[in-house]
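Asker: my questions are about this predicted structure, shown below with the sequence.
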Amino acid sequence: MAYEVEPPKYVRLAQTLQQRIEDGTYAPGTRVPSENQLVQAFGMSRPTVVRALELLKRDGWLESRQGYGTIVRGRPEVVERKDRRGREALERDESQGAGRLIEVGRVPVPARVASALGLPKKAEVLMRRFLVEEDGEAVELVSSYFPAGLVEGTALGVDEPLRESAREHLETRKKVRFDHVVERVSARLPEAGEAELLDLPAGMPVLSVLAVACDASGRSLQVADVLLPADRQELEDTYRLS
């Protein structure tokens, strides 16, 4: 059976806004409609609108100017789109993100995570699991794993949303420095609990983006396993050929 993969809502909205910039509807130097206006115009939730605007700012189409709002910059000299789901997971503020924290606790390290963290198979790690939702629909399941020794003296083990990203929390509390991320993308069938949380029909696969965050020496500090329903998400990268 073939599954038609459709971009998430915030990507579709970003693509629509980008098209309006390119066709001159939103001219360079002008303000884009406010968040409230975009919510009403497109019938999407505020988190979806905010995420679309942040994507366009990241890629250089828009910029925020204090006292003026969000301004159109126009088409960037080099257009490069990267869906860096791992980075989003590592830098997510759980108290501000669209979704909910559903589980915190020590668990046996999954095999795919053990090798990434350089831990023996029977080791225990701290897991924080966050369900990302858009307009009441589950779109991502993010399970973040931390070495047990690294989380001592932090609030990562507390069953409450962090008011900053796990990266910021660790860099502040443990004086570590995140340097780079390695992402590995694979497809698999979800476990029963994962399928239930993502409301997937039987037999529906998921894309797994395993993001391994390391310090400058290559030591793994955090692993985020981002699960994307294959029928609702896609990964896209646009780059210029030299």
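Answerer: Ah, there it is.
Asker: any regions of this structure where pLDDT drops low?
Answerer: In the predicted model, the chain carries pLDDT under 70 at residues 1-7, 77-84, 232-242.
Asker: now the strands for it?
Answerer: Defined through DSSP state E, the strands belonging to the chain, from first to last, are 62-65, 69-72, 81-82, 99-108, 124-134, 137-147, 180-188, 206-214, 220-229, 237-238.
Asker: using a markdown table, lay out those strands together with mean neighbour count.
Answerer: Bear in mind the C-beta positions are built from the backbone N, C-alpha and C, glycine included. As requested, those are arranged in a markdown table below (neighbours: other Cβ atoms under 10 Å):
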| stretch | mean neighbour count |
| --- | --- |
| strand 62-65 | 14 |
| strand 69-72 | 17 |
| strand 81-82 | 14 |
| strand 99-108 | 14 |
| strand 124-134 | 20 |
| strand 137-147 | 22 |
| strand 180-188 | 13 |
| strand 206-214 | 22 |
| strand 220-229 | 25 |
| strand 237-238 | 9 |
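Asker: the ones you listed: which one's closest to residue 171?
Answerer: With Cβ to Cβ as the criterion, residue 171 lies closest to strand 220-229 of the strands of the chain, at 9.2 Å.
Asker: re the thing from before, out of the strands of the chain, nearest to residue 29?
Answerer: Proximity to residue 29, assessed across the strands of the chain by Cβ to Cβ, is greatest for strand 69-72 (6.6 Å).
Asker: now do the contacts for residue 180.
Answerer: 213, 214, 216 (Cβ atoms under 8 Å, 6 or more residues apart in numbering).
Asker: residue 104 versus the last one, what's the distance?
Answerer: Distance from residue 216 to residue 104, counting by Cβ to Cβ, to the nearest Å: 28 Å.
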